[in-house]
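Trainee: Next one to model:
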Amino acid sequence: MGFPGVWMTESESMIYRVVPKCACSTIGQIMYYSDHGQFFDGDIHDSKAGLHKWSQDDSQPLIERAVRDRSAPSFTCVRNPYARILSSFFDKIAGIQRNGRRYRGKLVPQLIQRYGIDVGSPENGFEFDQIASFRRFLLFARDTIRFRRPMEPDIHWSAMSGHIATFIVNGGRYDRIFFTETFNDGMRQVLDDCPTPVSVDLAQVPRFNESEGHGPKRAHKVSAYFDDLSRHLIWEIYKSDFQLFRYDFDDPDNKMPVGEIDLDEVHAKLGR
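Mentor: From the prediction side, this is the model:
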């Protein structure tokens with residue numbers, strides 16, 4: 001199976017397991033900058049050179065050797081599950097993608113037909129009932145994850161623990177897992193562990209949010225989107241994310257973690 005979703009700098013200074021909707025664009029750009037002294041011109045997910053990716057055949061033996069030898073620090077980043085699933089909805093379902101189209105072509109029309117979701121349009125200023133539509137999307141997301149119907153689960157709303165586990169199961173070990181909510185502190189620790197060719201001033205790094213400005217803004221506080229049924233579904237989908245990464249299930253408005261991540265526990269539970 002190898003190491004899907006893994007990126008590594010060309011200098012082999014650091015290894016990163018991508019977790020969608022957890023600052024992955026910004027992290028990828030920082031990695032690129034730490035080798036080349038400039039950011040990639042465009043979406044870092046589209047880069048074909050300047051950064052090793054498991055999806056690039058030539059990069060695979062280099063990544064595999066570095067992971068097996070533990071010759072570079074390996075890390076990933078996590079995010080509050082409530083905020084992450086909301087971000088997935090507003091970006092991938094309600095938003096327009098950078099190519100000017102809806103995400104995955106027929107997905108949104110299928111959701112409108114099967115689940116009664118309304119996401120508005122640029123023509124009406126994305127006017128729609130955000131709370132009702134999000135809750136219906138959440139039911140769809142649960143169906144894809146629990147029953148793999150009407151489609152396989154998408155990487156943007158499948159559990160973080162599932163992404164993170166593949167690296168462990170296939171022989172990798174994380175040196176750090178940090179929080180999106182305290183991004184600069186966590187990324188600084190990663191950079192301090194890595195002898196990068198170019199130093200990075202995190203205070204000067206922009207946030208590379210590739211979906212910014214292409215869809216509706218969230219109109220309510222996080223807890224407004226989650227009634228009792230929604231929270232039941234969230235627990236069903238993301239129980240391990242809340243437990244392993246120390247996020248507060250009881251208060252959707254508390255985006256901050258309530259404890260430190262135990263790396264030994266993560267490896268023990270996700271490495272089975």
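Trainee: pLDDT weak spots in the chain?
Mentor: Filtered on pLDDT under 70, the chain yields the residue ranges 210-214.
Trainee: can you do 80?
Mentor: Scanning the chain for pLDDT under 80 picks out 1, 98, 122, 125, 209-215.
Trainee: got the contact list for residue 186?
Mentor: By Cβ atoms under 8 Å, 6 or more residues apart in numbering, the contact list for residue 186 reads 77, 176, 178, 179. C-beta here means a position set from N, CA and C on the backbone, and glycine is covered the same way.
Trainee: do that again at 7 Å, thanks
Mentor: 77, 178, 179 (Cβ atoms under 7 Å, 6 or more residues apart in numbering).
Trainee: again, but for residue 223
Mentor: So residue 223 contacts 252, 253 (Cβ under 7 Å, 6+ apart).
Trainee: cool, the one 10 residues further on as well?
Mentor: When contacts are counted by Cβ under 7 Å, 6+ apart, residue 233 is found next to 138, 139, 142.
Trainee: Highest neighbour count among those residues?
Mentor: Among the contacts of residue 233, residue 138 has the most neighbours (other Cβ atoms under 10 Å), with 23 neighbours.
Trainee: separation between that one and residue 88?
Mentor: As defined by Cβ to Cβ, to the nearest Å, residue 138 lies at a distance of 10 Å from residue 88.
Trainee: circling back: now flag whichever of the contacts of residue 186 is closest to residue 187.
Mentor: Distance to residue 187 across the contacts of residue 186 (Cβ to Cβ) is lowest for residue 178, with 7.0 Å.
Trainee: Would you check that that closest one makes contact with residue 77?
Mentor: Yes. Here residue 178 lies in contact with residue 77, judged by Cβ atoms under 7 Å, at a distance of 5.6 Å.
Trainee: thinking again about what came up before, neighbour-wise, give me the winner out of the contacts of residue 186.
Mentor: residue 77 (24 neighbours).
Trainee: so is that one in a helix, a strand, or just coil?
Mentor: Under DSSP: H, G, I helix; E, B strand; the rest coil, the three-state class of residue 77 is strand.
Trainee: and if you look at the one 10 residues further on?
Mentor: Taking three-state DSSP as the rule, one finds residue 87 in the helix state.
Trainee: So it versus residue 116, what's the distance?
Mentor: 22 Å.
Trainee: neighbour count winner among the two?
Mentor: Taking neighbours as other Cβ under 10 Å, residue 87 and residue 116 compare with residue 87 leading, 21 against 11.
Trainee: In space, what's closest to the more buried one - neighbours in sequence excluded?
Mentor: residue 21 (5.2 Å; Cβ to Cβ, 6 or more residues apart in numbering).
Trainee: distance of the one you found from residue 90?
Mentor: In terms of Cβ to Cβ, residue 21 sits 10 Å off from residue 90.
Trainee: Please apply the same query to residue 45.
Mentor: From residue 45 to residue 90 the distance is 18 Å (Cβ to Cβ).
Trainee: Just want to know which of the two has more residues nearby.
Mentor: A side-by-side neighbour count of residue 45 and residue 90, using other Cβ under 10 Å, places residue 90 first with 21 against 15.
Trainee: Name whatever forms a beta bridge with the residue lying closest to residue 167 once chain neighbours are set aside.
Mentor: Distances taken as Cβ to Cβ, 6+ apart put residue 17 closest to residue 167, at 4.6 Å, once the chain neighbours are dropped. Counting by DSSP bridges, residue 17 is bridged to residue 6.
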